[in-house]
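Trainee: After the sequence you'll find the predicted model.
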Amino acid sequence: MKIKTNILKRKTSDIAVTILRYVFFLSLSYILLYPLLYIVVNAVKSYSDAYDATVTWVPKSIYFGNIISALTVFDVKNTMLRTIVYEIGAALIQFCSCAITAYGLARFKLKGKSLMMGLMVLNILVPSMMTIIPSYINYSSLDFFGILGLISKIIGKDIRPNVIGTPMVFYLPSLFGVGLKGGLFIYIFTQFFKGFPKEIEEAAAIDGAGAWKAFLRIVIPSSRSAIITVLLFSVIWHWNDLYLAQMYLNEYTFATAINNFGAQTIAAKLGMDLQTSNAMLVPILLSGCLVFILPLLIFYIVIQRKFMASIATSGIVG
């Protein structure tokens with residue numbers, strides 16, 4: 001009888017734990033998915049449904065006109081192209097430069113290595129807002145080690161280029177591994193490369209493979225977990241970048257177009273009066289947000305299984 005009672009208590013306890021687990025994860029999922037569901041539902045509401053108090057989650061009719069209007073209002077063709085050229089291009093350059101830098105820090109004995117590691121940590125801790133003024137000044141009169149400035153003094157003409165408003169303001173920091181979140185990406189790669197067996201590279205060296213060949217032929221193909229983690233973070237953070245794009249560029253990326261959106265934009269792009277534009281403000285804004293996050297959702301869905309498998313071995317657990 002006592003054994004049956006213990007079994008019953010154990011089953012009851014297991015059922016209670018299972019129920020609590022489902023309640024917790026369902027609640028967490030609701031909190032995370034609520035903004036996305038709100039955007040999707042309101043993006044396909046008609047004008048009458050959007051301002052009908054009786055319509056909350058289920059529209060009376062599906063209306064895709066808001067999305068079509070958003071494509072025009074946000075100039076998606078051009079803003080998306082600029083986002084890809086400026087931001088995603090910088091993300092891919094930084095991905096490569098951070099991998100190379102991290103491999104050097106993880107594998108080779110270098111003079112000043114401790115200083116480099118300290119600078120990497122500073123790059124993680126110091127936000128872009130604290131360095132934006134000197135960075136802007138440097139980009140407006142780009143010079144390397146004062147060489148162009150010296151030549152300018154000799155010839156009496158300023159030859160230092162102004163790269164503000166060009167892709168170079170994103171490409172140059174990414175090339176040297178100090179772009180958006182560059183320090184964090186170097187850290188992730190460094191942690192992974194430190195755990196990579198040196199014996200494999202030593203065996204490759206015996207066969208005549210140098211450091212570059214071993215890095216490209218052996219280390220990189222074996223670093224899928226770190227590569228997926230860094231690639232995902234880099235693409236998402238650059239895609240969502242607002243501050244740097246707004247400071248350096250004279251044209252809108254998709255993120256800055258959404259940030260600077262208003263009723264006047266609708267009136268100018270769609271030829272509406274200001275009163276109608278104000279009425280259409282929220283539906284068109286949410287439609288633009290849906291178009292903005294859709295590429296990221298597709299990108300994440302494609303690689304999410306590999307990402308979840310890689311996160312445990314990328315050095316950022318906890």
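Mentor: Happy to help now that I have it.

Trainee: Distance from the chain centre to the helix or strand hosting Ala203, please.
Mentor: Taking DSSP states H and E as the criterion, Ala203 maps to helix 198-206. Chain-centre distance of helix 198-206: 35 Å, with CA atoms, centre = their mean, to the nearest Å.

Trainee: Check stretch 62-74 too.
Mentor: The gap between where stretch 62-74 is centred and where its chain is centred comes out at 25 Å by CA atoms, centre = their mean.

Trainee: May I see the buried residues of that stretch?
Mentor: Of all the residues in stretch 62-74, those buried under the rule 16 or more other CB atoms under 10 Å are Tyr63, Asn66, Ile67, Ser69, Ala70, Val73, Phe74. Where you see a C-beta, it was placed from the backbone N, CA and C, and this is true even at glycine.

Trainee: Then stretch 23-41?
Mentor: Ile39, Val41.

Trainee: go on, stretch 147-159?
Mentor: For stretch 147-159, by 16+ other CB under 10 Å, it's Leu148, Ser152.

Trainee: How much space separates Arg224 from Tyr252?
Mentor: Separation of Arg224 from Tyr252 (CB to CB, to the nearest Å): 36 Å.

Trainee: Comparing those two, which shows the higher neighbour count?
Mentor: Each of Arg224 and Tyr252 has its neighbours counted (other CB atoms under 10 Å); Tyr252 has more, 20 against 13.

Trainee: Tell me who's in contact with the spatially closest residue to that one that is not a sequence neighbour.
Mentor: Leaving aside its sequence neighbours, Tyr252 sits nearest to Thr79 (CB to CB, 6 or more residues apart in numbering; 5.3 Å). Thr79 is in contact with Tyr252, Thr253, Phe254, Thr256, Ala257, counting by CB atoms under 8 Å, 6 or more residues apart in numbering.

Trainee: Ser141 touches Val163, doesn't it?
Mentor: No: applying CB atoms under 8 Å as the test, Ser141 and Val163 come out as separate, 9.4 Å apart.

Trainee: Adding pLDDT and secondary structure, write the buried residues of stretch 62-74 out as CSV.
Mentor: Formatted as CSV, the buried residues of stretch 62-74 follow (pLDDT from 0 to 100; DSSP: H, G, I helix; E, B strand; the rest coil):
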residue, pLDDT, secondary structure
Tyr63, 83, coil
Asn66, 86, helix
Ile67, 89, helix
Ser69, 88, helix
Ala70, 89, helix
Val73, 90, helix
Phe74, 91, coil
